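Q: Got a predicted model here, sequence first, then my questions.
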Amino acid sequence: MSKRDFLSTAGLSRPELDDLLDLATRVKGKRPGQVLGGKTLGLMFFQPSLRTRVSFEVAMVQLGGHCINLSADDLYELEPGEQAIMDGRAEEHVKDAARTLSRYVDALGIRAASRSGTWEHDRRELLLRSYAEHASVPVINLETCFEHPCQALADVLTMRENLLSLQSRKLTLLWCNHPEPKSLGPTHSVLQLAALMGMDVTLAHPLGFEVDHEVLERSKQTAGAAGGSVRVVNDMTEAARGAEVLYARSWGCTKYWDDNEREAMVKRSLHDWRVDEQLMARTDNALLMHPLPVRRNVAATDAVLDGERSRIYDQAANRAHVQKALLMQLLK
Amino acid sequence: MSKRDFLSTAGLSRPELDDLLDLATRVKGKRPGQVLGGKTLGLMFFQPSLRTRVSFEVAMVQLGGHCINLSADDLYELEPGEQAIMDGRAEEHVKDAARTLSRYVDALGIRAASRSGTWEHDRRELLLRSYAEHASVPVINLETCFEHPCQALADVLTMRENLLSLQSRKLTLLWCNHPEPKSLGPTHSVLQLAALMGMDVTLAHPLGFEVDHEVLERSKQTAGAAGGSVRVVNDMTEAARGAEVLYARSWGCTKYWDDNEREAMVKRSLHDWRVDEQLMARTDNALLMHPLPVRRNVAATDAVLDGERSRIYDQAANRAHVQKALLMQLLK
Amino acid sequence: MSKRDFLSTAGLSRPELDDLLDLATRVKGKRPGQVLGGKTLGLMFFQPSLRTRVSFEVAMVQLGGHCINLSADDLYELEPGEQAIMDGRAEEHVKDAARTLSRYVDALGIRAASRSGTWEHDRRELLLRSYAEHASVPVINLETCFEHPCQALADVLTMRENLLSLQSRKLTLLWCNHPEPKSLGPTHSVLQLAALMGMDVTLAHPLGFEVDHEVLERSKQTAGAAGGSVRVVNDMTEAARGAEVLYARSWGCTKYWDDNEREAMVKRSLHDWRVDEQLMARTDNALLMHPLPVRRNVAATDAVLDGERSRIYDQAANRAHVQKALLMQLLK
């Protein structure tokens, strides 16, 4: 974590991850009191949010701190480009917003997950990275198209609570259908952490929905070094076989990233990519996970989401706990 | 209050109501300190709010707690239907939002008062009831088309402060004109509480603006059992005669609930339904009440709203006090 | 400060200003603790805000108090006119909102800076003044078209920190170009305070961008009485010569206030009104100031904004400190 930002799960070492999860477990068991008394966290949302917004605010409040919430509507349009001649619509440069906010608050969280160009453009997370570069306080990624590291921390904590050791445990990350084009953030972030934990990961998706090449290759190396593995399959049945955790989520087609209609056309033949009891029966009595919000009866059926093996609400609840641990590390 | 929700004034018993009002009177006289320290109340507004929003936040802050505010703009669209196949615009099911939020906050307040169909549809308060069903924490009704129970608590506290005993006191609930179609929430909620207190209630409105049949019949029974009465008149002069409290507010036409133009047409001939000094002179030196916001010089004239008998700001101020009492009962 | 409002820098006496700045310096050096514990400040924004919103919330939090934030989206439309017959779109009268909020919060801040008519209309600050008239708690001006007194306090504190005594020091208030029509608030407010401090002020702008006549004449008198001066020039080079502080900001053309297209046309020939290194070289090694947000490379170049003499982030940071002092004076 350079300058103590938290932008990605890629840069974490195994001891750093273990420390975070151990601390999360401790604060989950017993509230640590007003350890962040007088501290403020600025949250900026350029897209709607329910879990992230509420779980961060609850985390700060329970640690004695305070969140200041800014949404796109409250804000001027911001310019991210260096040396821009600002005679257009943007009223302020990201660098000025970042430097100013750094004089007021103790940390900044940014959700900037809109599609704004090609995949090659959006995978660079320009707005988030620009904030991180210019802010002098820690910056936390609240989701981009490319990563959603806080969600992945909660996911790994949830798996650890259920499976105890994650070494060589079988995790299937399964693409599922969705009427809208979605970000790759949760998928990339949890893939990287599962690799770091030495899990045997099966990444399953229809042809055309490949994840970012660089993320995949790096995760294979990380997993290999940790005694685990990452493989890709394009068949649901094969993906389910032997899985101890089935983690479902839709994500966007990086090839047609700036062409929503084409993605929608491709997805018309992919309605089978939905988790139901039949698919769950092929697993090794897998836990079902999904980072909410979920499209019921499109991504997964009511029966499995509300079933005994579902851990979707534990994942959501663990957001608050891992974020408390993260905030304590960044701000104390 | 099943599961300690607060959705309606209909389910309250007289001792429960007296307890709430007594506690409100005590916390109004002397702040009880940080009794809700560390507690969080999530507030969701699907319509604008001034009094409800600010009075709840002030109430929580003064009790040591914290509000997390969510407005429609911050949120995904939510699906309330059971077994829905969610391939439309709604990004999340109410049940998932309710269950998730229950893992973060200690209570939830919901304002969901939009007209979205016929009266038969809207009187069922589907969104509120769905939250209450799926949340595991107390849910508070911040106004629907059908009820506004927090407003009614403040109204009854205001009457009790001025009249001491409410038994057999003469309250007129008077329809007044308004350019927009309004909810029946405050009217229903205060009618039910006035009945419970054994008041002699005159419900006055033009033909066509009948309140909900079931609410009216139940209120007649409640009032009768408590030594009071409920009668309906369609004449303003008769409504004013002998009144000790004149409570004005517009409400919508349930018959043409999904036809705003028709309601507007009917109201064109009802400009006389406005409280002025002449009407007040026909009362028994009545107190004037109105749950804000009020359309000045349409619903009531400046002279009476700013007059010596007006209690409109006391009603508003008492929102904070009754809500403190409510929150202490639900959360302590 | 009648009724302890803070609406303008015009009414301040020199001892009052010195007291505020001295207190700001003390709270900047050492946090005064929970002196506003249990106090609430309501903030109403009818335009976007970054610095004002965050700096006030941080100020209240660090003093133990709490902000309640309301933006235009959360609110009904409000009617400011006396005796209005409210059958239009406005759902509530300003007087009712102000009186109600006064029963809930300990002070109110209002940003109401939209252009809504001619300069003669907008210079009267009707919405702000109406709130101040009807609220029984202190009202703080968070920016109108006419004044931005909190910004000016931060500006004067920043100058004092750098120059120690401001008596007879040379301040140039320089108009600069901007694609949008801007308010005159910061310019008027800082002009009035610089005059009160006895500075030698040069007000520099193109022909047609005269500031409000009454503000200018009053400032000349104030400056004269304090041993300073105010002169107006229409030439950038002359404006820069000898300046010890160059304070740049665009402002609107009061003559064509309700005709944005005409203002835009006039500004097409004014692209030279931009601060760059060449202009700074003509000054007496001046400090560069600008109340953010700033249009980079339009109002001023990156080189000077990011240069060694720039104090733009100190100005922003000082917002929180002067506002703490102000809140302590108004609320303690």
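A: Right, received. Where do you want to start?

Q: that's a strand at A:Leu43, yeah?
A: Yes - according to DSSP: H, G, I helix; E, B strand; the rest coil, A:Leu43 belongs to a strand.

Q: Give me the nearest residue to A:Thr144, chain neighbours excluded.
A: If the residues on either side of it in the chain are set aside, A:Thr144 comes closest to A:Glu125, at 4.6 Å by Cβ to Cβ, 6 or more residues apart in numbering or on different chains. In this view, the C-beta of every residue, glycine as well, is placed from N, C-alpha and C.

Q: Verify the contact between the one you found and A:Glu147 for me.
A: Yes - look at A:Glu125 against A:Glu147 with Cβ atoms under 8 Å: they come within range, at 7.4 Å.

Q: Need the overlap of contacts for those two.
A: A:7, A:141 (Cβ atoms under 8 Å, 6 or more residues apart in numbering or on different chains).

Q: Which helix or strand in chain A has the lowest average pLDDT?
A: strand A:78-79 (a mean of 89; mean pLDDT, DSSP states H and E).

Q: Which neighbouring elements make contact with it?
A: Counting contacts by 3 or more Cβ pairs under 8 Å, 6 or more residues apart in numbering or on different chains; DSSP states H and E, strand A:78-79 packs against strand A:92-93, helix A:94-104.

Q: which outside residues touch that strand?
A: Outside of strand A:78-79, the residues that reach it under the criterion Cβ under 8 Å, 6+ apart are A:86, A:88, A:90-94, A:97, A:127, C:296.

Q: One more: stretch A:230-244?
A: Contacts of stretch A:230-244 (Cβ under 8 Å, 6+ apart): A:163, A:169-172, A:174, A:191, A:195, A:201-207, A:210, A:216, A:219-220, A:223, A:246, A:272-273, A:279-280, A:282-287.

Q: re earlier: okay, A:Glu125 and A:Glu147: which has more neighbours?
A: A:Glu147 (29 against 22; other Cβ atoms under 10 Å in any protein chain shown).

Q: Surely the more buried one and A:Asn141 touch.
A: Yes - with contact defined as Cβ under 8 Å, A:Glu147 reaches A:Asn141; the gap is 5.9 Å.

Q: Report the set of residues contacting both of these two.
A: Residues touching both A:Glu147 and A:Asn141 (Cβ under 8 Å, 6+ apart): A:7-8, A:125.

Q: Enumerate the residues of the stretch 1-150 of chain A near chain C.
A: Proximity of the stretch 1-150 of chain A to chain C, by Cβ under 8 Å from any Cβ of the partner chain, involves residues A:38, A:40, A:42, A:66, A:68, A:70, A:73-76, A:79, A:83-88, A:91-93, A:96-97, A:99-101, A:103-105.

Q: Got a PyMOL select line for the buried ones in these?
A: Remark: buried members of these, expressed as a PyMOL selection using 16 or more other Cβ atoms under 10 Å in any protein chain shown:
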select buried, chain A and resi 40+42+66+68+70+74+75+76+79+84+86+87+91+92+93+96+97+99+100+101+103+104+105
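
Q: quick one, strands of chain A?
A: Remark: strands assigned in chain A by DSSP state E are A:40-45, A:66-71, A:78-79, A:92-93, A:107-111, A:139-141, A:170-174, A:200-204, A:229-233, A:245-248, A:287-289.

Q: Include distance to A:Thr118 when you put the ones you listed into a markdown table, please.
A: Rendered in a markdown table, the data for these read as follows (distance: least, Cβ to Cβ, whole Å):
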| stretch | distance to A:Thr118 |
| --- | --- |
| strand A:40-45 | 24 |
| strand A:66-71 | 27 |
| strand A:78-79 | 20 |
| strand A:92-93 | 24 |
| strand A:107-111 | 21 |
| strand A:139-141 | 21 |
| strand A:170-174 | 24 |
| strand A:200-204 | 22 |
| strand A:229-233 | 23 |
| strand A:245-248 | 27 |
| strand A:287-289 | 30 |
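
Q: just so I know, which of those strands lies nearest B:Lys28?
A: The closest of the strands of chain A to B:Lys28 is strand A:66-71. By Cβ to Cβ, the value is 27.4 Å.

Q: Now render the helices and strands packed on strand A:78-79 as TSV, adding distance to chain B and mean pLDDT.
A: Below are the helices and strands packed on strand A:78-79 laid out as TSV (distance: least, Cβ to the nearest Cβ, whole Å; pLDDT from 0 to 100):
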stretch	distance to chain B	mean pLDDT
strand A:92-93	21	94
helix A:94-104	20	96
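
Q: can you redo these as CSV with distance to C:Met328?
A: CSV is the format used below for the helices and strands packed on strand A:78-79 (distance: least, Cβ to Cβ, whole Å):
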stretch, distance to C:Met328
strand A:92-93, 29
helix A:94-104, 18
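
Q: Enumerate the beta-bridge partners assigned to A:Val245.
A: Per DSSP bridges, residues listed as beta-bridge partners of A:Val245: A:Leu171, A:Leu287.

Q: Helices along chain A, start to end?
A: Counting by DSSP state H, chain A forms helices over residues A:14-29, A:51-62, A:94-104, A:119-122, A:126-134, A:149-163, A:185-196, A:213-225, A:236-240, A:260-267, A:277-281, A:302-305, A:312-331, given from the N-terminal end onward.

Q: how far out from the middle of the chain is the fifth one?
A: The chain centre lies 18 Å from the centre of helix A:126-134; the measure is Cα atoms, centre = their mean, to the nearest Å.

Q: Report the buried residues of it.
A: When neighbours are counted by 16+ other Cβ under 10 Å, the buried residues of helix A:126-134 are found to be A:126-132, A:134.

Q: Run through the neighbouring helices and strands of it.
A: Contact analysis of helix A:126-134 by 3+ Cβ pairs under 8 Å, 6+ apart lists helix A:94-104, strand A:107-111, strand A:139-141 as its packing neighbours.

Q: what about the last one, distance to the chain center?
A: Spelled out, it's strand A:139-141. On the basis of Cα atoms, centre = their mean, the separation between the geometric centre of strand A:139-141 and that of its chain is 12 Å.

Q: Before I go, just wanted to say thanks for your time.
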